[in-house]
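S.K.: Here is the input, now give the coordinates:
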Amino acid sequence: MKKLLLAAAIFILCTSNAMAVSLVSDPATGVTSYKITGPGWVPPTCGIEPDGSLKADVSGAPVGTTQLTVVACNEDPVWGEVCSDPTPFTFTRPAQPAITKAIRLIP
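M.R.: Numbering: from 1, shown residues only. Predicted coordinates:
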């Protein structure tokens, strides 16, 4: 029974590190698209949520500091595509912690 509980705990701890990390925004009416500029792994455009908010997966970021710029855009029938002023974001992805290989219970 102890081994089963230990295996379940290790599974939960290991899978929690693989969760996606997202760049998100508040809901915005009228926004039809978002454009993201940054390193090569960043997609240049991303879809929007039904409420007009942004949710972009940034879990592909390499270890270290990353700088992104995001603009919200709207399709205007007269002016065409109109975008907001760029908003910069900077974040740091830490290195993975060392993995312990010898976990055991001592009775």
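S.K.: contacts and neighbour counts: CA atoms only from here.
M.R.: Noted.
S.K.: buried ones in the lengthiest strand in the chain?
M.R.: Ranked by number of residues, the top strand in the chain under DSSP state E is strand 64-76. Residues of strand 64-76 classed as buried under the neighbour-count rule (16 or more other Cα atoms under 10 Å) are 70-74.
S.K.: what sits against the closest residue to residue 68 other than its chain neighbours?
M.R.: In space, residue 68 comes closest to residue 38 once its chain neighbours are excluded; the distance is 4.7 Å by Cα to Cα, 6 or more residues apart in numbering. With contact taken as Cα atoms under 8 Å, 6 or more residues apart in numbering, residue 38 is in contact with 66-69.
S.K.: And the pLDDT for residue 38?
M.R.: We have a pLDDT of 88 for residue 38.
S.K.: From residue 97, how far out is it?
M.R.: 26 Å (Cα to Cα, to the nearest Å).
S.K.: on that earlier part again, among the buried residues of strand 64-76, pick out the one closest to residue 91, please.
M.R.: residue 70 (13.6 Å; Cα to Cα).
S.K.: Got the confidence number for that closest one?
M.R.: We note a pLDDT of 91 for residue 70 in this prediction.
S.K.: if we can go back for a sec, distance check, the residue nearest to residue 68 against residue 52.
M.R.: Using Cα to Cα, one gets 22 Å for the distance from residue 38 to residue 52.
S.K.: All the helices of the chain, residue numbers only.
M.R.: 2-16 (DSSP state H).
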